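# just to be clear, the model below is a prediction. Sequence and coordinates:
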Amino acid sequence: MNCPHAAAAPATGPGTGTLVIDPMVQDLAGETAQLVAGGPLARIELLGVPAWTITRHAEARALLTDARLVKDLDAWGLWRSGVVTRAWPLIGMIDAGRSMFTVDGPAHRRLRTKTAQALTPRRLEEMRPAIEQLTDELLDTLAERGADGVVDLKSVFAQPLPMRVVGSLMGVDRTDHPRLEKAYKAFFSMLTPHEERIALLEELDVFYTELVREKTARPTDDLTSALILADEGGEPLTEEEVVGNLKAMVAAGHETTIGLIINAVQALLTHPDQLRKVLDGDIPWETVIEETLRWDTPTTHLLMRFATEDIRVGDGVIPKGDGVVISYRAIGHDTGQHGPEAGEFDVTRKTPIRHMTFGHGPHICPGAGLSRVEAGIALPALFARFPRLRLAVPDEEIRNLPVMTQNDKESFPVLLHG
Ligand code: STR
């Protein structure tokens with residue numbers, strides 16, 4: 001794309017260097033190390049667009065409850081001045097329709113209430129048997145496909161499971177899942193021509209709007225129907241808002257949990273002594289899940305909030321109107337929060353795992369509990385069924401997709417029977 005503004009804003013932070021985030025994600029570990037080595041506030045460039053990122057737990061925690069940082073795109077100087085337009089390939093990560101993901105303050109609470117109520121611990125317990133059933137079905141498919149050799153754990157297991165779970169929560173028919181999985185894969189990939197991505201988002205809007213209209217005519221017991229029927233103090237959600245929440249839930253609910261499941265399996269398979277302790281029952285699966293969430297976050301960088309005033313961070317300043325990213329992967333490796341061994345995966349670590357991978361403050365992930373339940377079912381079931389599971393290729397050959405914001409593997413080839 002055309003990036004006339006690439007050098008527009010002068011650096012005001014202490015470190016003068018700008019880290020160009022690699023759209024091809026060729027060296028995620030190296031990128032994280034660079035972010036961790038710098039200060040809490042770093043200048044980055046996202047496909048020619050300058051932004052700031054927060055790389056430390058404490059600073060991110062403070063900013064995530066700071067009302068001077070907002071989601072409203074119109075607070076972004078580069079957007080208002082027309083430098084960033086819908087031609088920017090990452091625009092879909094920010095301009096995703098009115099929903100709980102894009103709105104702050106009291107309006108945000110109104111948009112979020114019903115979703116939060118549908119995901120309370122009690123409701124999650126009720127969903128458990130259905131998730132177990134879906135897991136067993138997919139393990140059967142995995143067993144068939146992997147009977148004679150290598151099988152891709154991602155496409156056969158880790159990807160369809162979260163889509164089925166969030167699909168049944170939101171009332172998205174199973175026949176639509178493969179098409180949605182394909183659409184999101186293309187949406188996130190930087191290799192997708194941008195016109196295609198825009199067309200795809202429009203198609204998804206049509207799909208979700210039709211679904212919401214069907215549910216409006218014939219409400220069922222899913223969360224989409226609950227969003228439609230919600231009164232919210234005499235101010236029901238508009239169709240656009242229901243659609244916005246629905247698409248945010250499907251996108252967030254499936255993409256991130258794929259990462260959690262795959263990253264946990266990868267961490268265990270590459271740390272066999274730790275896997276042993278887990279399989280022997282010496283370390284609970286909850287610890288595996290939390291350590292994976294900290295060490296290998298499904299979301300690498302979360303785009304984006306905007307400063308409505310100059311905001312001081314450490315010895316730097318985010319100028320009013322600038323865009324701010326949260327680099328969750330770097331935050332998980334913050335030695336100030338997680339101790340000197342923050343860079344190591346270690347389910348036996350002494351430092352308590354107090355990560356912030358689901359965010360913090362009003363926008364904290366409403367699906368956090370659901371993803372923990374999913375991974376808490378999927379991982380032990382997978383290893384119980386295939387205790388000799390192993391990677392079919394050397395670990396270095398597992399590559400990331402060209403997805404700038406998510407930690408998303410191309411594929412994850414395994415051998416089920418050792
Ligand atoms: C994808 C495109 C879309 O239609 C709607 C959304 C809103 C929610 C976003 C989602 C996006 C991208 C992935 C996100 C998710 C919220 C949580 C998830 C950012 C922009 C994470 O990766 C944490």
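Yep, that arrived.

# from here on, contacts and neighbour counts on C-alpha atoms
OK.

# helix, strand or coil for residue 252?
helix (DSSP: H, G, I helix; E, B strand; the rest coil).

# so what pLDDT did it get?
Turning to residue 252, the model gives it a pLDDT of 97.

# how far away is it from the ligand?
Taking Cα to the nearest ligand atom, to the nearest Å as the measure, residue 252 falls 4 Å from the ligand.

# that residue: neighbour count?
Neighbour count for residue 252, taken as other Cα atoms under 10 Å: 19.

# counting by contacts, list what the helix or strand residue 131 falls within packs against.
Per DSSP states H and E: residue 131 is located in helix 121-145. Applying 3 or more Cα pairs under 8 Å, 6 or more residues apart in numbering; DSSP states H and E, we find helix 121-145 packed against helix 160-170, helix 368-385.

# show me what the shortest one is packed up against.
Using 3+ Cα pairs under 8 Å, 6+ apart as the contact criterion, the neighbours of helix 160-170 among helices and strands are helix 121-145, helix 177-188, helix 223-229, helix 239-269.

# residues from this protein in reach of the ligand?
Taking Cα under 6 Å from any ligand atom, the part of the chain that reaches the ligand is made up of 92-94, 96, 101, 247-248, 251-252, 256, 299.

# so which of those is surrounded by the most neighbours?
Neighbour counts for these (other Cα under 10 Å) peak at residue 299, which has 24 neighbours.

# and the helices and strands packed on helix 121-145 as JSON lines, adding mean pLDDT and mean neighbour count?
Formatted as JSON lines, the helices and strands packed on helix 121-145 follow (pLDDT from 0 to 100; neighbours: other Cα atoms under 10 Å):
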{"stretch": "helix 160-170", "mean pLDDT": "98", "mean neighbour count": "22"}
{"stretch": "helix 368-385", "mean pLDDT": "98", "mean neighbour count": "19"}
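
# looking at those, which is nearest to residue 280?
Within the helices and strands packed on helix 121-145, the stretch nearest residue 280 is helix 368-385; the backing value is 11.2 Å (Cα to Cα).

# for whichever helix or strand comes after the closest one, packing partners?
Using DSSP H and E, the helix or strand that follows helix 368-385 in sequence is strand 390-391. Contacts defined by 3+ Cα pairs under 8 Å, 6+ apart place strand 390-391 against strand 413-415.

# which helices and strands does the strand it packs on pack with?
Contacts defined by 3+ Cα pairs under 8 Å, 6+ apart place strand 413-415 against strand 151-152, strand 390-391.

# mean pLDDT and mean neighbour count added to these, as TSV?
Converted to TSV, the helices and strands packed on strand 413-415 look like this (pLDDT from 0 to 100; neighbours: other Cα under 10 Å):
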stretch	mean pLDDT	mean neighbour count
strand 151-152	98	21
strand 390-391	98	20
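
# and the pLDDT at residue 289?
98.

# which strands and helices lie in contact with the helix or strand harbouring it?
In this assignment (DSSP H and E), residue 289 forms part of helix 285-295. In terms of contacts (3+ Cα pairs under 8 Å, 6+ apart), helix 285-295 is packed against helix 239-269, helix 328-332, helix 368-385.

# for the closest residue to residue 345 other than its chain neighbours, which residues are in contact?
Leaving aside its chain neighbours, residue 345 sits nearest to residue 295 (6.2 Å; criterion: Cα to Cα, 6 or more residues apart in numbering). Each residue near residue 295 by Cα atoms under 8 Å, 6 or more residues apart in numbering is listed here: 329, 332-333, 342-345.

# hmm, 10 Å instead?
Residue 295 is in contact with 263-264, 267, 289, 328-334, 338, 342-346, 353, 355, 357, counting by Cα atoms under 10 Å, 6 or more residues apart in numbering.
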